[in-house]
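>>> quick check, what structure comes out for this input:
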Amino acid sequence: MSNDKILFIDDDINILNGFKRNFYGQYLVEIAEGPLPGLEAIKRENFSVVISDKNMPDIDGIALLSQIKQISPNTTRILLTGQADLDSALRAVNEGAIFRFLTKPAPKEVLTLAIDAGIRQNQLLLAEKELLENTLRKTIKVLIDILSQVSPTAFNHASRVYRLVKVMAEQLDMPNRWELEIACLLSQIGCVTVPEQAIKDHYENKKISPDESKLIETQHEFGFKLIHQIPRLEKVAEIIRNQTTPYSQLSEIDNQISAVHLIKLASDYDALMMSNLQDQIYVLNQLEKREENGHYHHKAMKVLKNILNIHTAKKTILIDDLKKLKPGMITAQDVLSMSGRLLLSNRQEISEIILMRLKNVTEYVDPFKVYEE
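I've put the predicted structure just below:
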């Protein structure tokens, strides 16, 4: 008996009970009487294969499988229909990404072959997903670690942008957030080609050379070239490439554009904060003026203001020893040694790498404030 769970969805309980009898002992079979119970089952459990009837009340089988694809993309989807017409088949493939399209009544042998093929497809997808996630996770971590060492200013900027965008995306209920979050963390990876002092001077509105200015202006293009070479990060690379483009110049064809816009808004906010000594009122006024000129969407601006109010209201705690720092804490001020050496920048997130670096610091520091996440 296979350990793979199979879900049959139909609005006729007699047909469903027939499926249970026919496949008893062959698969772990569950049934759902209608589309809505079917959706609830998919949200509740993991299924290798789902087989749905096409003609049902409220939601037809094609629309249902399309929704199931959004909820559980690795579940293999099979459609049963009494109408073997080309239009239905095309719609099933295009809208529901159907793995098999079978006409009723489907003999047990035909259904068994389709289910077994669906199980193999599910296993392949899960194996690929696990391999991909492990590979990507390690690759991304290496790139972020390199950025944090080569260009701490750019790394801190990207980390703050990531925190803002993550909350904005949650409040806007955006899909594909993993791509957006990775794009935030790698948004400044192109800065590995820019001298660290030039980046600091740039954010502090100090004079830099034309060559350094050009490197900063084109860092997102270099970042695109780096990330575009990594399989499955093509969309992330495009987001990085377009991160400085105003909202009014962006096409709204897909979710990637919204991702670009959120990163631009959060990045511009943070850059202004860095160059204007944390004057939040001034920065927001500047962003609102840019919004009027088509740089940002008003809904994203509204969400950003709401998030900033939440962050402003966060309680700070006093740290009197570097050893008391924990990952996830965020500095509420610059942290200087007694000799005046900058150890941590304002609004810098404490990571494991930073804690490792601080272990070698023996200089005394005055007590300083942090936000506890």
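>>> Ile140 against Leu186, yeah?
Yes: counting by C-beta atoms under 8 Å, Ile140 touches Leu186, with 6.9 Å between them. C-betas here are computed from N, CA, C, even on glycine.
>>> between those two, which is the more surrounded one?
Taking neighbours as other C-beta atoms under 10 Å, Ile140 and Leu186 compare with Leu186 leading, 24 against 19.
>>> tell me the contacts of the more buried one?
Ile140, Leu143, Ile144, Leu147, Ala158, Gly223, Ile227, Val236, Ile240 (C-beta atoms under 8 Å, 6 or more residues apart in numbering).
>>> swap in 10 Å and give it another go.
By C-beta atoms under 10 Å, 6 or more residues apart in numbering, Leu186 lies in contact with 140, 143-144, 147, 158, 162, 223, 226-227, 230, 233, 236-237, 239-240.
>>> what is the nearest of these to Ser48?
Using C-beta to C-beta, Leu233 comes nearest to Ser48 of the contacts of Leu186, at 27.8 Å.
>>> can you map out the helices along the stretch 51-200 of the chain?
Using DSSP state H, counting those that start in this stretch, the helices found in the stretch 51-200 of the chain span residues 61-71, 86-96, 108-150, 152-171, 177-185, 196-203.
>>> closest to Lys264 out of the ones you listed?
Nearest of these (C-beta to C-beta): helix 152-171, 9.5 Å.
>>> and the angle from the closest one to helix 108-150?
140 degrees (axes from the mean of the first three to the mean of the last three C-alpha atoms, to 10 degrees).
>>> now helix 152-171, how far from the centre of its chain.
How far helix 152-171 lies from its chain's middle: 12 Å, per C-alpha atoms, centre = their mean, to the nearest Å.
>>> any weak-confidence spans in this structure?
Applying pLDDT under 70 to the chain flags the ranges 1-2, 83-97, 132-133, 251-257, 276-278, 310-314, 373.
>>> how does it divide into domains?
Using automatic domain parsing, the domain parsing of the chain gives 5-126, 158-311, 314-373.
>>> okay, the helices of the stretch 51-200 of the chain in a markdown table with distance to Leu265 next?
Below are these laid out as a markdown table (distance: least, C-beta to C-beta, whole Å):
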| stretch | distance to Leu265 |
| --- | --- |
| helix 61-71 | 26 |
| helix 86-96 | 33 |
| helix 108-150 | 21 |
| helix 152-171 | 8 |
| helix 177-185 | 12 |
| helix 196-203 | 17 |
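>>> Leu308: which of the ones you listed is closest?
Closest to Leu308 of the helices of the stretch 51-200 of the chain is helix 152-171 (C-beta to C-beta; 8.5 Å).
>>> do you know how far Gln123 is from Asn3?
Separation of Gln123 from Asn3 (C-beta to C-beta, to the nearest Å) stands at 11 Å.
>>> quick check: Asn74 touching Gln123?
Yes: applying C-beta atoms under 10 Å as the test, Asn74 and Gln123 come out as touching, 9.4 Å apart.
>>> list residues touching both of those two?
Taking C-beta under 10 Å, 6+ apart as the criterion, Asn74 and Gln123 both touch Ser48.
>>> could you pull out the helices for the stretch 201-350 of the chain?
Under DSSP H, counting those that start in this stretch, the stretch 201-350 of the chain gives helices at 210-217, 219-227, 234-241, 255-275, 280-292, 298-312.
>>> show me what the first one is in contact with.
Residues from elsewhere that reach helix 210-217, judged by C-beta under 10 Å, 6+ apart: 154, 190-191, 193-195, 197-199, 201-203, 207-209, 222, 244.
>>> hmm, back to that, overlap in contacts of Ile140 and Leu186?
Listed as contacting both Ile140 and Leu186 by C-beta under 10 Å, 6+ apart are Ile227, Ile230, Leu233, Val236.
>>> from the residues you listed, which two are the most distant?
Farthest pair in the shared contacts of Ile140 and Leu186 (C-beta to C-beta) is Ile230 and Val236. Separation: 8.2 Å.
>>> separation between Cys315 and Leu39?
For residue 315 the amino acid is Lys, not Cys. Plainly put, Lys315 is 41 Å away from Leu39 if you go by C-beta to C-beta.
>>> more neighbours: those two, which one.
Leu39 (17 against 7).
>>> does that one count as helix, strand or coil?
helix (DSSP: H, G, I helix; E, B strand; the rest coil).
>>> residues contacting it?
Leu39 sits next to Ile9, Ala32, Ile59, Leu64, Gln67, Ile68, Ile71 when contact means C-beta under 10 Å, 6+ apart.
>>> name the nearest of those residues relative to Leu304.
Ile71 (29.3 Å).
>>> so how many other residues sit close to that closest one?
10.
>>> go on, Pro367?
9.
>>> please determine how far it is located from Leu318.
Counting by C-beta to C-beta, the gap from Pro367 to Leu318 is 5 Å.
>>> with respect to Thr135, which of the domains of the chain lies nearest?
Nearest to Thr135, of all those, is domain 158-311, at 8.3 Å by C-beta to C-beta.
>>> chain center to the closest one, what's the gap?
That offset, for domain 158-311, works out to 15 Å (C-alpha atoms, centre = their mean).
>>> can you check stretch 47-63 too?
29 Å.
>>> ok, back up a step: pull out the buried members of the contacts of Leu39.
Ile9, Ala32, Ile59, Leu64, Ile68 (16 or more other C-beta atoms under 10 Å).
>>> quick check: the farthest pair among the residues you listed?
By the measure C-beta to C-beta, Ala32 and Ile59 form the most distant pair in the buried ones among the contacts of Leu39, at 11.9 Å.
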